[in-house]
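[1] predicted structure and sequence below. I'll ask about it afterward.
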Amino acid sequence: MKATDLMVKCLENEGVRYIFGIPGEENIDLVHSLAASEQIEFVTVRHEQGAAFMADVYGRLTGKAGVCLATLGPG
């Protein structure tokens, strides 16, 4: 089991349903592990600020954890 698989299992145990973010070279292993998850859906966005806003609003509206993921870059 890879560390990213374990991380996804931990997120599933916490009840995470969506992760908003940008895939990149630095987080591609995590994105692949998320693709294998039946519980968590990865929502691709165009900008990391949009991912943060989406995670914030999702958390406020549902009361559940809003999660965002970014890669290295200028943002």
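    All right, it came through fine.

[2] CA only for contacts and neighbour counts going forward, please
    OK.

[3] so residue 56 sits in a helix?
    Yes - assessed by DSSP: H, G, I helix; E, B strand; the rest coil, residue 56 belongs to a helix.

[4] residues in contact with the nearest residue to it once chain neighbours are set aside?
    Nearest residue to residue 56, sequence neighbours excluded (Cα to Cα, 6 or more residues apart in numbering): residue 66, at 5.8 Å. Applying Cα atoms under 8 Å, 6 or more residues apart in numbering to residue 66 gives the contacts 16, 18, 19, 54, 55, 56, 57, 58, 59.

[5] phi, psi for the residue lying closest to the second one once chain neighbours are set aside please.
    Taking Cα to Cα, 6+ apart as the measure, residue 18 lies nearest to residue 41, with 4.9 Å between them; neighbours along the chain are not counted. Listed backbone geometry of residue 41 is phi -110, psi 130, with angles given as degrees, to the nearest 10.

[6] kindly report the same for residue 65.
    The phi/psi pair for residue 65 (degrees, to the nearest 10) is phi -70, psi 130.
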